[in-house]
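1. From the sequence below, what's the structure:
(chains A and B)
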Amino acid sequence: MYSYLFALLAIIILVFRIVQALPTKKFKRNNSNKLEKPCKSCIVLGSGGHTMEMLQLLQGLDYATKYRPRLYIVSSNDTLSVKKARDLETAKGGTEGEDKYRIVRIPRARHVGESWLTTPFSVAKALIASTKVVLWETPDLIICNGPGICVPICVISYIHRILGIKRIYLIYVESFARVKSLSLSGRLLIRFVDTFLVQWPYLEGKYSQAEYKGVLV
Amino acid sequence: MSGKSIFVTVGSTSFHSLTALITSQPFLQLASSLHYHNITVQHGTGTMGLQLAETSDIRLESYDYKPSLQEDYERADLIISHAGAGSILESLRLEKPLIVVINDLLMDNHQSELAIELHQQKYLICTSVSNLLETLKSRGYETLKPFPRHDELAFARILDKELGLN
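-> Below you'll find the predicted structure:
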């Protein structure tokens, strides 16, 4: 009997914490999340188009004083994204190292043409790897723009929030290609991220959490 | 050979109906009459090297894919592209006249939304394979609006403000 009550209480507290952890307008306005020191940033790179847009977004960020160190998350076989991230760092004067930037490779959730029998294992491996990164690295900020892996990464960052350890700031930028509807990742994450940016005004009208501030890429 | 250049890009998959039209006699004649004498085609997977129709004063270069298409975009006077967001953005940023050809075979075609929207705003011309010759003839691509320049700091300003890092 008591154990049931205890479980019920635990669930109530958990739900309460989750609701508390969800982004609200008020939280943004009073700026209680103001950061005094440089912001440890986690950047999720996808493939092809996602990476291209992400690099455009990052170009103007102040890496030297505000956004450091940086952690790029890429799929293990995505050599092109690794190269592009390195090129960007070099262009912005960064050197690879503990206090500047690092590239973390995680296994791909599903390889092209992979059998559906082994897919669950690949997904699990990718999930475990992204959990490790977020839990151990505890960044201040996660920037993502749509590749599938950003969904578990954002979800896992809620562990810190729910336990009250840290409020990892989540920002999501929907692709320029999305004019009238959100991507699957976007639809899944729109309620959970602190800032959700779209690049077409129509989407701002359609989704109350979405903000349009012009084309960003 | 002198004359203006057209760059045709179909992305990572293939777009047979478009590449077939580009190398056909009617297209080449029209291109030639509009003073386009160089055509570069990035034709994607599943297509062998392209062959020109006979008696043509056009120089054709083709390849399936390469790591950076930047040079070909920059050299072109006119770009004919598939509806992929990457190619569209690349062309718009270079302020090149752009014709986007929608591939009717792709069913889940949310990407055509982007091309259609930008067509309505007169940043590019959106057409289909069957209308491409007409589109080229009408020369509407010569009077398009330049797309606003990329503001490198736009995202940084938003993020700095959200995080209170001003």
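2. Identify the residues contacting residue A:210.
-> With contact set as Cβ atoms under 8 Å, 6 or more residues apart in numbering or on different chains, residue A:210 has these partners: A:174, A:182, A:190, A:196, A:197, A:198, A:203, A:204. Just so you know, the C-beta spots here come from the backbone N, C-alpha and C atoms, and that holds for glycine as well.
3. same question, residue A:213
-> Taking Cβ under 8 Å, 6+ apart as the test, what residue A:213 contacts is A:197, B:154, B:158.
4. Could you report the separation of the closest residue to residue A:17 other than its chain neighbours from residue A:5?
-> In space, not counting the residues next to it along the chain, residue A:17 is nearest to residue A:162; the distance is 4.6 Å by Cβ to Cβ, 6 or more residues apart in numbering or on different chains. Separation of residue A:162 from residue A:5 (Cβ to Cβ, to the nearest Å): 21 Å.
5. and if you look at residue B:59?
-> 82 Å.
6. And for residue B:26?
-> 81 Å.
7. try residue B:153
-> Taking Cβ to Cβ, one finds residue B:153 at 55 Å from residue A:5.
8. Comparing these two, which residue is more hemmed in?
-> residue B:153 (13 against 9; other Cβ atoms under 10 Å in any protein chain shown).
9. Which pLDDT does the model give that one?
-> For residue B:153, the pLDDT comes out at 95.
10. Identify the residues contacting it.
-> residue A:60.
11. Backbone dihedrals for it, please?
-> phi -90, psi 0 (degrees, to the nearest 10).
12. So, low pLDDT: which residues of chain A?
-> A:25-36, A:94, A:98, A:110-113 (pLDDT under 70).
13. Likewise for chain B?
-> Using pLDDT under 70, chain B drops low at B:1, B:46-56, B:106-109.
14. Strands of that one, start to end?
-> B:4-9, B:36-42, B:59-63, B:78-81, B:98-102, B:125-128 (DSSP state E).
15. Just send the ones you listed back as TSV, with distance to residue A:213 and mean neighbour count too.
-> Listed next are these as TSV, based on distance: least, Cβ to Cβ, whole Å; neighbours: other Cβ atoms under 10 Å in any protein chain shown:
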stretch	distance to residue A:213	mean neighbour count
strand B:4-9	30	22
strand B:36-42	33	21
strand B:59-63	39	16
strand B:78-81	27	25
strand B:98-102	25	24
strand B:125-128	26	21
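16. got those as CSV, with distance to chain A columns?
-> As requested, these are exported to CSV (distance: least, Cβ to the nearest Cβ, whole Å):
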stretch, distance to chain A
strand B:4-9, 14
strand B:36-42, 15
strand B:59-63, 18
strand B:78-81, 13
strand B:98-102, 12
strand B:125-128, 13
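17. Can you lay out those as JSON lines showing distance to residue A:19?
-> Compiled in JSON lines, these are given as follows (distance: least, Cβ to Cβ, whole Å):
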{"stretch": "strand B:4-9", "distance to residue A:19": "48"}
{"stretch": "strand B:36-42", "distance to residue A:19": "51"}
{"stretch": "strand B:59-63", "distance to residue A:19": "55"}
{"stretch": "strand B:78-81", "distance to residue A:19": "46"}
{"stretch": "strand B:98-102", "distance to residue A:19": "44"}
{"stretch": "strand B:125-128", "distance to residue A:19": "45"}
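18. got the residues of chain B near chain A?
-> Residues of chain B lying close to chain A (Cβ under 8 Å from any Cβ of the partner chain) are B:12, B:67, B:84-86, B:89, B:110-111, B:113-114, B:117, B:148, B:150-160, B:162-165.
19. Right, I'll leave it there.
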